[in-house]
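Engineer: Sequence and computational prediction follow.
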Amino acid sequence: MPKQAAQLTLVFQALADPTRRAVVERLRVGPVATKELAAKFEMALPSFLQHLGVLQKCGLVRSSKKGRVRTYELSTKPLKVAEDWMATQRTLWERRLDQLDTFLNELKEQPE
């Protein structure tokens, strides 16, 4: 479990940045070459490559090189880990809120 927790932390840190979220959204469409991917963003290529490095480190993207062209594609497994964690949290909090609602209704029905 510690490995999964570490990966989850890296995924959320990566997705905390709007540029990296935009890259992930673009890669949902399909693989794209670095130059084409970077063209949308108004930043120097070395800065953009740092963002890609963060996404690659947490496993959200992977790259391949053919000749001189490096292509990036989305890897959805880390997103599934984050989605599963959030679903667990949602279930937990919904149950707690239901218990609170029941408790407050019981208090309201008690005679004063």
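Structural biologist: Thanks, I have it. Numbering: from 1, shown residues only.
Engineer: Spell out the residue ranges of the strands in the protein.
Structural biologist: For the chain, the strands defined by DSSP state E cover 32-33, 61-66, 69-74.
Engineer: What is the neighbour count of residue 9?
Structural biologist: Residues contacting residue 9 under the criterion other C-beta atoms under 10 Å number 11. All C-beta atoms are positioned from the backbone trio N, CA, C, and that covers glycine.
Engineer: Tabulate the strands of the chain in TSV, adding columns for mean pLDDT and distance to residue 110.
Structural biologist: Shown next, in TSV, are these (pLDDT from 0 to 100; distance: least, C-beta to C-beta, whole Å):
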stretch	mean pLDDT	distance to residue 110
strand 32-33	96	63
strand 61-66	96	57
strand 69-74	96	55
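Engineer: Residue 109: which of these is closest?
Structural biologist: strand 69-74 (52.1 Å; C-beta to C-beta).
Engineer: Counting by contacts, list what the closest one packs against.
Structural biologist: helix 18-27, strand 32-33, helix 34-39, strand 61-66 (3 or more C-beta pairs under 8 Å, 6 or more residues apart in numbering; DSSP states H and E).
Engineer: what's the last one packed up against?
Structural biologist: Where contact means 3+ C-beta pairs under 8 Å, 6+ apart, strand 61-66 is packed against helix 18-27, helix 45-57, strand 69-74.
Engineer: Longest helix in this structure, by number of residues?
Structural biologist: Looking across the chain with DSSP state H, the single longest helix is helix 77-109.
Engineer: That one to helix 18-27, inter-axis angle?
Structural biologist: With axes from the mean of the first three to the mean of the last three C-alpha atoms, to 10 degrees as the basis, helix 77-109 and helix 18-27 are set at 110 degrees to each other.
Engineer: Nearest to residue 107, out of the helices and strands packed on strand 69-74?
Structural biologist: helix 18-27 (42.9 Å).
Engineer: low-scoring stretches of the protein, by residue?
Structural biologist: Low-confidence segments of the chain, defined by pLDDT under 70: 1.
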